[in-house]
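Trainee: this is the structure alone, sequence omitted:
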């Protein structure tokens, strides 16, 4: 069964090299981490996630009939429903076996920037609820430090009433003078999240991004901030599809992150 990315099922599309790398990462991660014993599964957001759902569907109706799938937002909810999978909610299932999600960038320590799609609050809830949190992406998202390739900045979800005050603090106190309110592309005004909040994109200099946990803690302390798109010390593994058909895997082994390459078969 194919999974729709919009109007055309992915199975009928001639995929670009980037899309092939996303599919490769998603398929490999699902094969390694969505196992028969897993019954509650979190489905994240982003351009790699349709391939995650496609691979889960390919595991078969018998395996999926007793599973429940928890979405992080509208996109993943639609994918679950259109794929005839069982839709659940984190209120009903506060403990999730595995959550698989995309990322805007991942560093050497498996810290992630997420929130380019403005879903990072719900994504973080599902990541924290999961016994295992896995990231899938293409090779462009694999970086030494956060902010290397993803340059808009750290996504910060804020309540609308407080956005101007939070912007001021980011500019004058926390070291992000170019932080801006994210504006919508096809409507007048700012982007509004699924939670009816605004999003600020806050770029920080390289030396600060080398310590994302400190930035995360400082932004979270600002009154009016709902959530920050820095996922620190949360992912157990990240899968990156490469142009040559291989997959780079970063995974935690005890307290260290090791990297390996899975070659094309």
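Mentor: Ah, there it is. Just so it is clear, the model here is predicted, and its values are computed rather than measured.

Trainee: can you get me a residue count around residue 90?
Mentor: Per other CB atoms under 10 Å, the neighbour tally for residue 90 reads 18. C-beta here means a position set from N, CA and C on the backbone, and glycine is covered the same way.

Trainee: excluding chain neighbours, what is closest to it?
Mentor: Closest residue to residue 90 apart from its sequence neighbours, by CB to CB, 6 or more residues apart in numbering: residue 70 at 5.4 Å.

Trainee: repeat for residue 64
Mentor: Counting by CB to CB, 6+ apart, residue 64 lies nearest to residue 85, which is 5.9 Å off, once chain neighbours are set aside.

Trainee: residues contacting that neighbour?
Mentor: Residue 85 makes contacts with 53, 56, 57, 64, 67, 69, as judged by CB atoms under 8 Å, 6 or more residues apart in numbering.

Trainee: among those residues, which are in helices?
Mentor: 53, 56, 57, 64 (DSSP state H).

Trainee: give the contact list for the second one.
Mentor: The contact partners of residue 56, taken as CB under 8 Å, 6+ apart, are 30, 34, 41, 64, 69, 83, 85.

Trainee: so where is the stretch 1-150 of the chain shaky, pLDDT-wise?
Mentor: The stretch 1-150 of the chain contains residues with pLDDT under 70 at 1-13.

Trainee: now do 50
Mentor: Residue ranges of the stretch 1-150 of the chain with pLDDT under 50: 1-12.

Trainee: list the buried residues of stretch 17-32.
Mentor: Of all the residues in stretch 17-32, those buried under the rule 16 or more other CB atoms under 10 Å are 19, 20, 21, 22, 23, 24, 25, 26, 27, 28, 29, 30.

Trainee: sorry, slip of the keys, the one I care about is stretch 149-159.
Mentor: Buried, per 16+ other CB under 10 Å, within stretch 149-159: 150, 152, 153, 154, 155, 156, 157, 158.

Trainee: ok, these vs residue 167, which is closest?
Mentor: Nearest to residue 167 among the buried residues of stretch 149-159, counting by CB to CB, is residue 158 at 8.5 Å.

Trainee: bridged to the closest one, which residues?
Mentor: Beta-bridge partners recorded for residue 158 (DSSP bridges): residue 198, residue 225.

Trainee: and the pLDDT at it?
Mentor: pLDDT, residue 158: 98.

Trainee: surely it meets residue 228?
Mentor: No: under the criterion of CB atoms under 8 Å, residue 158 makes no contact with residue 228, lying 10.0 Å away.

Trainee: strands of the stretch 151-265 of the chain, residue ranges please.
Mentor: Counting by DSSP state E, counting those that start in this stretch, the stretch 151-265 of the chain has strands at residues 154-158, 180-181, 198-202, 225-228, 230-231, 237-241, 247-253, 256-262.

Trainee: fine, thanks again, bye for now.
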